[in-house]
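Participant: For reference, the sequence and a predicted model appear below.
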Amino acid sequence: MSTDQNSAPASSGAPVSPSAPAKPVLSPERDIEENKDLAAFSYLWIMSVIVYFLKKDSPFVRFHSKQAMVLFALTIPVWLIPIALIGRLLELLILAGMIIGFLGAAQGQWKDVPFIGPFSRGETTLRQSWQQLVARSTGLSKVLKSMFRRTKKYVDADVTKSKKNQDTNSPPPSAPPSSL
C-alpha cells in the first residue's frame, strides 16, 4: 500500500486552518464617512505617518496622509533655513497647506493641497512643483505691484490736488516787520 506524502487523509484529524476572513471592501461613500476624521488628523505633523500605516486599506486616508507626509517632510528643511523672513514665509505656506488639507479631509472631500497633491501621487516631480509655485508667485507679485502702482498714482494725484488747494486758499505771505 503506497501512501502519498503530499496529501493527508480527510479523516486523519489533522487541524484544517480556516481561511482568513477577507476584509470587507467599503464603498467609497462609506470609506469617506468612516475615515474622514482620521484623514483630517493625519495633517497634524508626524501623525500622517502613523495614520498611513494604521489605515493603509482606506483609499481616502491614503490620499490625505500621503499629502500630509509631504508637508511634514517639507517642514524639516524649512526649519533649517537660516534666513528668518524666507523661513517664516515658507512655514506659513506649509501651515496653509495643512489647513487646506485638514478642512478638505474633515469635510469628506478628495481635495488636493495646491502643488503638493500631484507631487504626493507621483504625477509631478519636486522640481516641477517648485517651478509651478514660482510661476504662480511671480504672477501674483505682478498683480500686487500693479495694484500698488495704481494706488500710488491716486495718492500722488490727491497730494498734488491738496497742495494746489492750499496754495489758492492761503493768504499771501506777510512781509516781515521792518525796524527803522
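Facilitator: Alright, I've got the coordinates. Residues are numbered from 1 along each chain as shown.
Participant: CA atoms for contacts and neighbours, from now on please.
Facilitator: OK.
Participant: neighbours around Arg121, how many?
Facilitator: Per other CA atoms under 10 Å, the neighbour tally for Arg121 reads 12.
Participant: And it, what's its pLDDT?
Facilitator: Note for Arg121: predicted pLDDT of 85.
Participant: How much space separates it from Val113?
Facilitator: 12 Å (CA to CA, to the nearest Å).
Participant: before we move on, what about Ser129?
Facilitator: Taking CA to CA, one finds Ser129 at 12 Å from Val113.
Participant: Name the residue in these two with the higher neighbour count.
Facilitator: When Ser129 and Val113 are compared on other CA under 10 Å, the one with more neighbours turns out to be Val113, at 23 against 18.
Participant: does the more buried one really touch Gly101, like I thought?
Facilitator: Yes - contact criterion CA atoms under 8 Å: Val113 and Gly101 qualify, at 5.8 Å.
Participant: and Gly122, helix, strand or coil?
Facilitator: Under DSSP: H, G, I helix; E, B strand; the rest coil, the three-state class of Gly122 is coil.
Participant: Counting neighbours, what do you get for it?
Facilitator: Neighbour number of Gly122 under other CA under 10 Å is 10.
Participant: In terms of helices and strands, where is Glu34?
Facilitator: helix 28-41 (DSSP states H and E).
Participant: Ok, Ile81 next?
Facilitator: Going by DSSP H and E, Ile81 is not in any helix or strand.
Participant: For it, which non-adjacent residue is closest in space?
Facilitator: Closest residue to Ile81 apart from its sequence neighbours, by CA to CA, 6 or more residues apart in numbering: Gly87 at 5.5 Å.
Participant: Let me know the angle separating the helix or strand encompassing the one you found from helix 28-41.
Facilitator: If you go by DSSP H and E, Gly87 is part of helix 84-106. Relative orientation of helix 84-106 versus helix 28-41 (axes from the mean of the first three to the mean of the last three CA atoms, to 10 degrees): 150 degrees.
Participant: Determine the set of other helices and strands touching helix 84-106.
Facilitator: Counting contacts by 3 or more CA pairs under 8 Å, 6 or more residues apart in numbering; DSSP states H and E, helix 84-106 is packed against helix 28-41, helix 59-79.
Participant: in the first one, what's buried?
Facilitator: To tie it back to what came earlier, the one meant is helix 28-41. By 16 or more other CA atoms under 10 Å, the buried positions in helix 28-41 come out as Asp31, Ile32, Asn35, Lys36, Asp37, Leu38, Ala39, Ala40, Phe41.
Participant: If we only consider these, which is nearest to Leu93?
Facilitator: Ala40 (18.0 Å; CA to CA).
Participant: Make sure the closest one is actually in contact with Ile100.
Facilitator: No - Ala40 is beyond contact range of Ile100, at 10.0 Å (criterion: CA under 8 Å).
Participant: domain assignment for this structure?
Facilitator: With domains defined by automatic domain parsing, the chain comprises 27-124, 125-156.
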